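A.B. asks: model this:
(chains A, B, C and D)
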Number of protein chains: 2
Amino acid sequence: MKQKGNTPTMKDVAQEAGVALGTVSKVFNNLPVGESYRRRVEEAARRLGYQVNSYARGLKTNKTCSVALILPDIANPFFASLAQHICQALAARDYKLILALTASDPGAEQRCIQMVQQNKVDGVIGLTYHPELEVDPRLPYVSIDRKFNPGTPCVSSDNFGGGQLAAQKLLELGCEHLLFLRIGSPVPGESDKRGDGFESYCRQKNVPYTVVRKYDREGIESFRSFLEAHMENGRLDFDGIFCATDFLTCHIAEMLADLGLRIPEDVQLIGFDGIRAFATGQLYCSTIVQPVGRLAETCVEILLQEDRSNLPSLICLPVSYACGGTTKE
Amino acid sequence: MKQKGNTPTMKDVAQEAGVALGTVSKVFNNLPVGESYRRRVEEAARRLGYQVNSYARGLKTNKTCSVALILPDIANPFFASLAQHICQALAARDYKLILALTASDPGAEQRCIQMVQQNKVDGVIGLTYHPELEVDPRLPYVSIDRKFNPGTPCVSSDNFGGGQLAAQKLLELGCEHLLFLRIGSPVPGESDKRGDGFESYCRQKNVPYTVVRKYDREGIESFRSFLEAHMENGRLDFDGIFCATDFLTCHIAEMLADLGLRIPEDVQLIGFDGIRAFATGQLYCSTIVQPVGRLAETCVEILLQEDRSNLPSLICLPVSYACGGTTKE
DNA sequence: TTGTAAGCGTTATCAC
DNA sequence: GTGATAACGCTTACAA
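C.D. replies: Presented below is the predicted three-dimensional model:
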């Protein structure tokens, strides 16, 4: 649009083709038009290199065929994968993706919201942490992993079920002293239910368990002292650990190795997410796998649903267990 | 924009504030306006929840403050990192990012170009493989890793220098029988120079070397038979291998391990890119590191440069060597 | 300084 | 079917 020369407009095409402006518009909107006219218009457009101006169109139609995706970052392979799938799901529907990264900063998140509102996107998919994000209620919004209010649908994995599954697997694999570890944002979100599910299963089975929840600002290294405090005669008080993310699992595994423990012989670990190493395609650890593709597809589908009068307030997608070497199977 | 209720417009704000339309516009463009008026307008806007309509503004000003990024995918951490940095560089300049993924498919690439042209972005950053992509010459374009023509600037790492550096390092580390491996697109690109630099250095130093170049469709596994054919008495004919990407390096390393070779004791490997594992932040292999941040910053800077009359046709950014365990140092 | 009015490129509503 | 014409929401001379 910042082009020196004058970009050809519909008017130019009309003139070139020797037809009226309205006719050109109809051609580009696939409305009924005489075949000979259509051909003439199309040729004229080709000659001039004409492209519809979606800004003018959007102004008129109140539809931009664009969706914004608000994500903390894209270096995290789970987010990257999510973005990739969402981008594809949108492309399949002829929608474009505006990507906004926030680094989980509430200020940046609010600025993103404002940006997308000015940009008149048709909808927003957001994975945010700002506790009281102000978003125009008229703007279709789908939240990932966090419930705002019943009005805005939230899509997430079955975190609770995943937590249960992790506990179940650890027990099946012979663990007797279970531990749950979590570090994350102080803002409540759906993923908190991973621990809840874990606890619920343990209680139901009458199995003792320990839970440690930390906040990001405490730093992942702060788990080290906890683990050290629970070593006795070269053995750890726990033989099965469920970590709330694969990322955490990797770091815990490293700490355990530093303490001279073998994985999975001495301690078994289960993570959450199902991230795979790029080069090899392998899991970093045994884990509860989130269905990224379905998450993405679901977000897009709900967001672009015509009838927005009766939307679900929470959608939980099923997770699955996969062995990635940090458990005995 | 697809909102049920009527979004407030400047006219509404003007009415609410009891001023003229033009005054409201001036307020939102930071043009001189009486302080009392400004305040009244701002308050009215807040009350109504008014947001500038960037589509209407763009239509008028021929500027959309948006840039499109065309990438094969974002699952590759190198591309993800690039996208992340570009997104940040744009955000810092108050530009929005439209992300388009192509899976390296020429058809998809051409469709993306058309999409962004219709969307009147202010510029495009593209990493594409379509040999003869048709892009409006009036549209500011920066190509990554591939030269189109002198008119469209290309930003890339110093691939040639990186190839030289790899050869130099391998020799310094005591290798005597050098091998270069590459698999990629048949479309020529800047990254082809990695092998050129490698060869150049070897010739200059009068060191014998072997080169194997394959195309993606042959599959990475096709290197296995080559390696097997070069085994003799449990030893490989080569003791130093430069692979054109970290990805390839990982796979080659696995094949070598399968052949019973120790890395780096028996064979030393150097890759290219500098990808880091997400969980641990560690390199997958010894490698020539691309300066992703600078690549991104440079692309954005050149793209948004006001004076486009005298643009460089190729910019090479310096790379560096980093040990990641597949070399002796 | 503030208000008025033309026009950006498109779509949509009409008469023809 | 086709062709003039009025919006869409905003910026920007220009007039007051």
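
A.B. asks: domain assignment for chain A?
C.D. replies: What the record gives for chain A is the domain set A:10-52, A:66-156+A:293-317, A:159-291, from automatic domain parsing.

A.B. asks: Mind telling me which of those domains the model trusts least?
C.D. replies: Within those, confidence is poorest for domain A:10-52, with a mean of 93 (mean pLDDT).

A.B. asks: So is stretch A:81-96 next to chain B?
C.D. replies: Yes. With Cβ under 8 Å from any Cβ of the partner chain as the criterion, chain B is reached by stretch A:81-96 at A:81, A:83-84, A:87-88, A:91, A:96. C-beta here means a position set from N, CA and C on the backbone, and glycine is covered the same way.

A.B. asks: if we can go back for a sec, nearest to DNA strand D, out of the domains of chain A?
C.D. replies: Closest to DNA strand D of these, according to Cβ to the nearest atom of the strand: domain A:10-52, at 2.5 Å.

A.B. asks: Show me which residues of chain A are close to DNA strand C?
C.D. replies: Along chain A, the residues adjacent to DNA strand C under the rule Cβ under 7 Å from any atom of the strand are A:6-7, A:9-11, A:21-22, A:25, A:28-29, A:50, A:52-53, A:56-57, A:59-61.

A.B. asks: make it 10 Å
C.D. replies: Contacts of chain A with DNA strand C, taken as Cβ under 10 Å from any atom of the strand, map to A:1, A:6-14, A:20-29, A:31, A:45, A:50-63.

A.B. asks: Next, the buried residues of stretch A:31-51.
C.D. replies: For stretch A:31-51, a neighbour-count test (16 or more other Cβ atoms under 10 Å in any protein chain shown) marks A:33, A:37-38, A:40-42, A:44-45, A:48, A:50-51 as buried.

A.B. asks: Can you name the residues in contact with that stretch?
C.D. replies: By Cβ atoms under 8 Å, 6 or more residues apart in numbering or on different chains, the residues outside stretch A:31-51 that reach it are A:7-10, A:12-14, A:16-19, A:23-28, B:114, B:117-118, B:136.

A.B. asks: do stretch A:209-220 as well
C.D. replies: A:167, A:177-186, A:195, A:198-199, A:202, A:222-223, A:226, A:238, A:248, A:251.

A.B. asks: Now list the buried members of those.
C.D. replies: Buried, going by 16+ other Cβ under 10 Å: A:167, A:177-185, A:195, A:198-199, A:202, A:223, A:238, A:248, A:251, out of the contacts of stretch A:209-220.

A.B. asks: Just the ones of those in strands?
C.D. replies: Members of the buried ones among the contacts of stretch A:209-220 lying in strands (criterion: DSSP state E): A:178-184.

A.B. asks: Just the buried ones from the residues of chain A next to DNA strand C, in ChimeraX syntax?
C.D. replies: To isolate the buried members of the residues of chain A next to DNA strand C in ChimeraX, using 16+ other Cβ under 10 Å:
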select /A:1,7,8,9,10,12,13,14,23,24,25,26,27,28,45,50,51,52,53,54,55,56,57,58,59
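
A.B. asks: For residue A:4, give me the pLDDT.
C.D. replies: At residue A:4, pLDDT is 36.

A.B. asks: what is the orientation angle of the helix or strand containing residue A:58 with helix B:54-61?
C.D. replies: Element membership for residue A:58 (DSSP states H and E) is helix A:54-61. Per axes from the mean of the first three to the mean of the last three Cα atoms, to 10 degrees, the angle that helix A:54-61 makes with helix B:54-61 is 130 degrees.

A.B. asks: who touches whichever helix or strand comes after helix A:54-61?
C.D. replies: Once the chain leaves helix A:54-61, the next helix or strand it forms, by DSSP H and E, is strand A:66-71. The contact list for strand A:66-71, computed with Cβ under 8 Å, 6+ apart, reads A:79, A:82-83, A:86-87, A:90, A:95-102, A:109, A:112-113, A:115-116, A:119, A:121-128, A:300, A:303-304, B:98, B:119.

A.B. asks: Then stretch A:283-293?
C.D. replies: Applying Cβ under 8 Å, 6+ apart, the contact partners of stretch A:283-293 are A:78, A:81-82, A:85, A:157, A:162-163, A:165-166, A:169, A:194, A:246, A:249-250, A:253, A:264, A:268-277, A:317-327, B:279.

A.B. asks: Buried ones only from those, please, as a ChimeraX command.
C.D. replies: To isolate the buried members of the contacts of stretch A:283-293 in ChimeraX, using 16+ other Cβ under 10 Å:
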select /A:78,81,82,85,157,162,163,165,166,169,194,246,249,250,253,264,268,269,270,271,272,273,274,275,276,277,317,319,321,322,323,324,326,327 /B:279
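
A.B. asks: Which of the contacts of stretch A:283-293 fall in helices?
C.D. replies: Judged by DSSP state H, those include A:78, A:81-82, A:85, A:162-163, A:165-166, A:169, A:194, A:246, A:249-250, A:253 as members of helices.
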